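Asks: mind folding the following:
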Amino acid sequence: MVPPQYIHMLFKRIYMKKVGQCLALCLMFSIFLTSCVSNKKHLAAIDALKANHKSEVDQWRSQVNAAKYEIEKLKLQLAERKGENNILAANAEKWEKRVDQLEEQIENLNSRSTSNQADLNQKLRDKEEEINALKEQLATIGQELDRHEQLFNQLLQEMRDSMRYWPTINYAARTGAEEVAVILPESLVFRKRSVTRLEEDGYDALEKIAEVIERYPNMKVVITCHTDNARPRNKSYKDNWNVSLLQSATVVRTLIQEFDLNAGQILPSGKGEFSPRASNESEEGRELNRRIEFVISPASEQLSKAIRGKL
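Replies: Next comes the predicted model:
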């Protein structure tokens, strides 16, 4: 695009050129006046000069108008460019402010992230310490439970050793994570059709069991008697619950009174016919169901106390 000042200079040069041409025409006109040319020719020459001058003036005006139009067009374009530049400048300022805001936000986020990371690291360290402490406690509890399991195994072995004196005794023994159980058949312990009188072998078996229990004063012993589903032959017994409870009371009484066991350590229980080991459809099954169970386990408060003492 040509700047306006160059267009003005161009017009000035054209104008000076045309003025020179006019002066030349005037000089020629004066020569014609002094020459011996007829008046008619002189007038014709003047009209020709006027026409030529008018044509040139019209061309100049056309060029000047075109130049003015171009100048106005350039001014308008310049104004548009200035407006665009102002808009761009405003937008640039706006985006510069936005960039500053974003950079500030990023800096704040980085600062908070660093702070949060530090807090998170501290929390992780605290959790790791807590987990390690819990692991140590679990290891201690596991050791105590292992000790109790070893104690159960030792107790079970002692029970089995006590039964060696009666090779013909039909008994069962088992151990679990929390208890040791010894099961004696009713026919070994009680006389036939009696809930209070003991067989001689049954009495001796209770004595041996009592000797083992006495060595474990922190254990509790639940003595549970069971029956088959046949109705009691003695009509004075209301039902098999009554039979099993009387049998259990007899065993407990014998252990306490005859073998000096701690009454607070032993608990009688009777389940009648409602916890069978086998089917009552056969004599063999009914005989398995008529039994006395000695379930030995640590008192819950004793185990808790032992674990707390290790923590």
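Asks: in the chain, which spans are helices?
Replies: Remark: helices assigned in the chain by DSSP state H are 4-34, 39-162, 186-189, 200-214, 240-257, 283-289, 300-310.
Asks: and the third one, what does it pack onto?
Replies: Using 3 or more CB pairs under 8 Å, 6 or more residues apart in numbering; DSSP states H and E as the contact criterion, the secondary-structure elements in contact with helix 186-189 are helix 200-214, strand 291-298. To be clear about C-beta, it is placed using only N, CA and C from the backbone, and glycine gets the same treatment.
Asks: for the longest one, same thing?
Replies: Here helix 39-162 is seen to pack against helix 4-34, strand 172-175, strand 180-185, helix 200-214, strand 291-298, helix 300-310 when contacts are counted using 3+ CB pairs under 8 Å, 6+ apart.
Asks: and the fourth one, how far from the chain's centre?
Replies: In other words, helix 200-214. Chain-centre distance of helix 200-214: 58 Å, with CA atoms, centre = their mean, to the nearest Å.
Asks: now that helix: average pLDDT?
Replies: In this model, helix 200-214 has a mean pLDDT of 93.
Asks: quick one: it to helix 240-257, angle?
Replies: Following axes from the mean of the first three to the mean of the last three CA atoms, to 10 degrees, one obtains 60 degrees for the angle between helix 200-214 and helix 240-257.
Asks: now helix 200-214: buried residues?
Replies: 201-202, 204-206, 208-210, 212-213 (16 or more other CB atoms under 10 Å).
Asks: in TSV: the residues you listed, plus distance to Ala173.
Replies: Listed next are these as TSV, based on distance: CB to CB, whole Å:
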residue	distance to Ala173
Asp201	17
Gly202	17
Asp204	17
Ala205	12
Leu206	15
Lys208	13
Ile209	11
Ala210	16
Val212	11
Ile213	14
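Asks: right, and Gly202 touches Lys192 too?
Replies: No. Judged on CB atoms under 8 Å, Gly202 makes no contact with Lys192 at a distance of 11.8 Å.
Asks: just to revisit the earlier point, I'd like the helices of the chain as JSON lines, with distance to Ala172 appended.
Replies: Shown next, in JSON lines, are those (distance: least, CB to CB, whole Å):
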{"stretch": "helix 4-34", "distance to Ala172": "122"}
{"stretch": "helix 39-162", "distance to Ala172": "11"}
{"stretch": "helix 186-189", "distance to Ala172": "12"}
{"stretch": "helix 200-214", "distance to Ala172": "13"}
{"stretch": "helix 240-257", "distance to Ala172": "17"}
{"stretch": "helix 283-289", "distance to Ala172": "9"}
{"stretch": "helix 300-310", "distance to Ala172": "25"}
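Asks: of the ones you listed, which is nearest Ile266?
Replies: Among these, the nearest to Ile266 by CB to CB is helix 240-257 (5.3 Å).
Asks: report the angle between that closest one and strand 291-298.
Replies: Going by the same axes, to 10 degrees, helix 240-257 makes 60 degrees with strand 291-298.
Asks: start the count at 547, not 1, going forward
Replies: Understood, numbering begins at 547; the last thing we discussed is helix 786-803.
Asks: next, the angle strand 726-731 makes with helix 786-803.
Replies: Using the same axes, to 10 degrees: helix 786-803 against strand 726-731 is 110 degrees.
Asks: could I have helix 786-803 exported to PDB, CA atoms only?
Replies: Output of helix 786-803 as PDB, limited to C-alpha atoms (Å, rounded to 0.1, in the frame of the first residue of the first chain):
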ATOM      1  CA  ASN A 786     -33.700 -87.200  78.300                       C
ATOM      2  CA  TRP A 787     -32.600 -83.600  79.200                       C
ATOM      3  CA  ASN A 788     -33.300 -84.600  82.800                       C
ATOM      4  CA  VAL A 789     -31.300 -87.800  82.400                       C
ATOM      5  CA  SER A 790     -28.300 -86.000  80.800                       C
ATOM      6  CA  LEU A 791     -28.300 -83.200  83.400                       C
ATOM      7  CA  LEU A 792     -28.400 -85.700  86.300                       C
ATOM      8  CA  GLN A 793     -25.500 -87.700  84.800                       C
ATOM      9  CA  SER A 794     -23.400 -84.600  84.300                       C
ATOM     10  CA  ALA A 795     -24.100 -83.500  87.900                       C
ATOM     11  CA  THR A 796     -23.000 -86.900  89.100                       C
ATOM     12  CA  VAL A 797     -19.700 -86.600  87.200                       C
ATOM     13  CA  VAL A 798     -19.000 -83.100  88.400                       C
ATOM     14  CA  ARG A 799     -19.900 -84.000  92.000                       C
ATOM     15  CA  THR A 800     -17.400 -86.900  91.900                       C
ATOM     16  CA  LEU A 801     -14.600 -84.800  90.500                       C
ATOM     17  CA  ILE A 802     -15.100 -82.100  93.100                       C
ATOM     18  CA  GLN A 803     -15.900 -84.200  96.200                       C
END
